[in-house]
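> Okay, structure incoming, though there's no sequence with it:
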């Protein structure tokens with residue numbers, strides 16, 4: 001999710017560089033709402049690597065269907081064996097990307113340096129554009145703003161949710177997102193609960209706890225520990241609806257996870273909590289890009305950072321205190 005959102009400035013830049021080009025973006029089905037309706041795209045192509053295209057035969061069949069488009073170039077932002085193979089099998093003449101996987105199948109490549117984490121992921125994506133070559137719009141400034149389209153139907157669904165839970169907008173709406181794909185990213189539930197209680201009791205905020213469809217247990221752990229009322233929304237929203245909900249919020253408090261970048265795309269201030277530090281895992285590469293966002297992160301000196309294989313109880317996450325998060329959220333709202 002975050003990878004796709006951080007790719008959206010590339011779409012805008014390609015449209016400026018090549019205003020008459022036919023631009024399509026290939027994404028997984030669960031991410032289609034992040035780009036479907038983007039005015040700079042001519043098409044969205046779904047690659048279901050967990051379903052219809054899971055087998056190698058399915059990928060070959062997909063490549064054959066892709067061949068019919070007769071694309072001139074593929075800009076591969078996230079190098080995987082399958083994507084590079086599919087691009088080659090589809091007969092796409094130029095295949096541009098980082099030399100991470102199957103580099104001999106790329107026609108244009110640059111060394112894979114993302115693991116060093118010296119730049120933001122957004123900048124790494126934009127860096128590939130220099131391999132595309134000159135164009136009619138190449139002299140224009142690059143727009144680094146993230147973009148996620150939303151629809152009136154998604155807005156209406158969120159409006160109904162807010163009415164049903166009497167979230168009128170007169171009180172600050174603060175959203176907590178305690179989920180993440182890896183335990184090295186998850187700030188403790190008890191601390192989310194403490195922050196939620198403080199903001200509800202001392203600042204009169206209404207608290208909504210959101211998670212993805214498979215992460216409800218993380219949200220339940222927070223709501224169960226809170227003394228103040230909180231509205232649970234575990235797997236309740238599609239990605240487009242989540243963007244609409246974030247747009248209504250005064251602040252999102254979240255782990256290092258995709259919703260951070262979704263909030264930035266719609267202009268919602270973010271408090272982003274980071275634990276692991278190592279190069280390509282750090283806030284330098286994955287932090288929020290919004291101008292009103294705050295990163296809370298403590299390098300406690302672990303060398304090397306073992307990430308999800310941590311043997312000291314994710315002490316880096318424990319080092320981020322409730323007081324820090326509260327101060328950051330108060331500053332934003």
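Yes, it's here. All of these numbers come straight from a predicted model, not from anything done at the bench.
> Show the pLDDT at residue 182.
Listed pLDDT for residue 182 reads 89.
> Contacts only, for the nearest residue to it once chain neighbours are set aside.
Of all residues beyond its chain neighbours, the one nearest residue 182 is residue 308 (4.9 Å), with distances taken as Cβ to Cβ, 6 or more residues apart in numbering. (C-beta placed from N, C-alpha, C; glycine too.) Contacts were defined as Cβ atoms under 8 Å, 6 or more residues apart in numbering; by that measure residue 308 touches 182-184.
> Out of those residues, who's the most crowded?
Of all those, the most densely surrounded is residue 184 (22 neighbours; neighbours counted as other Cβ atoms under 10 Å).
> isn't there a strand covering that one?
No. Counting by DSSP: H, G, I helix; E, B strand; the rest coil, residue 184 is not found in a strand; it is helix.
> wait, what's in contact with it?
For residue 184, counting by Cβ under 8 Å, 6+ apart, the contacting residues are 275-276, 307-308, 310, 314, 317.
> at 6 Å what do you get?
Listed by Cβ atoms under 6 Å, 6 or more residues apart in numbering, the contact partners of residue 184 are 275-276, 307-308.
> Check the secondary structure at the residue nearest to residue 182 for me.
helix.
> Figure out how far the helix or strand of the chain with the lowest mean pLDDT is from the centre of its chain.
Of all the helices and strands that make up the chain, the one with the lowest confidence by mean pLDDT, DSSP states H and E is helix 315-318; it has a mean of 90. Relative to the chain's own centre, helix 315-318 is displaced by 23 Å; criterion: Cα atoms, centre = their mean, to the nearest Å.
> Buried residues in that helix, which are they?
316-317 (16 or more other Cβ atoms under 10 Å).
> which outside residues touch the helix or strand just after it?
Moving toward the C-terminus from helix 315-318, the next helix or strand (DSSP states H and E) is helix 322-332. Residues from elsewhere that reach helix 322-332, judged by Cβ under 6 Å, 6+ apart: 191, 194-195, 198, 251, 269, 271, 294, 296.
> switch the cut-off to 8 Å
With contacts defined as Cβ under 8 Å, 6+ apart, helix 322-332 is touched by 174, 191, 194-195, 198-199, 203, 250-251, 253, 269, 271, 273, 292, 294, 296.
> What about residue 288, how many residues nearby?
The burial metric for residue 288, expressed as a neighbour count using other Cβ under 10 Å, is 24.
> ok, it to residue 280 distance?
Separation of residue 288 from residue 280 (Cβ to Cβ, to the nearest Å) stands at 17 Å.
> likewise residue 330?
Residue 330 is 32 Å from residue 280, by Cβ to Cβ.
> returning to that earlier point: now, the contacts of helix 322-332 that are in helices?
Of the contacts of helix 322-332, the ones assigned to helices by DSSP state H are 191, 194-195, 198-199, 203.
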